[in-house]
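> When you get a sec, could you give me coordinates for this:
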Amino acid sequence: MGKTVKPYQADGSKKEQVSKMFDNIAPSYDLLNRLLSLGIDRSWRKKAIRLLDPAKAKTVLDVATGTADVAIEIARQLKPEKIIGVDIAQQMLEIGREKVSKRGLAEVIELQLGDSENLPFESNTFDAITVAFGVRNFEDLGKGLSEMQRVLKPGGKLVVLEFSRPRIFPFKQLFNLYFRYLLPLIGRLTSKDPKAYSYLYESVQAFPDRENFVTELGKAGYTEASYRPLTLGICSIYSASK
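Sure thing, here's the model as predicted:
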């Protein structure tokens, strides 16, 4: 299951360090996402959410919700009765709440401070669960996947969006140069936390992507697990059922 990569060379759990990192970069997070992905991340989110059936997704949990981009897109596309977003970074949630309020979605979207490995919900609660760019930040991937499976209703669906490693020559080599050197440089110039975008590259390299992540989903009790690469393999959509 890949080695553990933490944002900082310091004592403390990965969970604590990830929370600190995202609190540090929260004010510039959305802008940097748009710039560094050339806006492609929006289309990735839309494609992931289209895998959910509006008729079967009345209650949705968005794990690692961050600034609520996915929760807001779920509300737009699926019109569910309730969306709960959880995240371990309070500053990200504060920005997310402002966005939710401006769009008049406060009655539908509720954002909570919460840990993916210890979700504060009863078993069999949600029709669907989404995670965008969050599973590689779990301290214990297996525990996080199992915990989401616990709160998912029987027949419910999990959809995960996560960075993966391109395999096509020469795009693989070019993208690695960009991801390893140029992206962290841009991040250092525009973010309060120079380590955050180096961690992004390191965490993607350590993450068990594609077939390996499908295997992890199976170990956690999911069925019908599959994946689909996007944009020459920069990102992948995973889906699975309970």
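> Please save the CA atoms from the helix or strand of the chain with the lowest mean pLDDT in PDB.
Lowest on mean pLDDT, DSSP states H and E among the helices and strands of the chain sits helix 183-190, with a mean of 74. Output in PDB follows, covering the C-alpha atoms of helix 183-190 (Å, rounded to 0.1, in the frame of the first residue of the first chain):
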ATOM      1  CA  LEU A 183       4.500  23.300  -9.800                       C
ATOM      2  CA  PRO A 184       6.300  23.600  -6.500                       C
ATOM      3  CA  LEU A 185       8.000  26.700  -7.700                       C
ATOM      4  CA  ILE A 186       4.700  28.400  -8.500                       C
ATOM      5  CA  GLY A 187       3.300  27.200  -5.200                       C
ATOM      6  CA  ARG A 188       6.200  28.700  -3.300                       C
ATOM      7  CA  LEU A 189       5.700  32.100  -5.000                       C
ATOM      8  CA  THR A 190       2.000  32.300  -4.400                       C
END
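> neighbouring contacts of that helix?
Taking C-beta atoms under 8 Å, 6 or more residues apart in numbering as the criterion, the residues outside helix 183-190 that touch it are 28, 31-32, 35-36, 193-194, 196-198, 200-201. Just so you know, the C-beta spots here come from the backbone N, C-alpha and C atoms, and that holds for glycine as well.
> Give me the distance between the helix ranked longest in the chain and the centre of its chain.
Longest helix in the chain by number of residues (criterion: DSSP state H): helix 14-37. Relative to its parent chain, helix 14-37 has a centroid offset of 12 Å by C-alpha atoms, centre = their mean, to the nearest Å.
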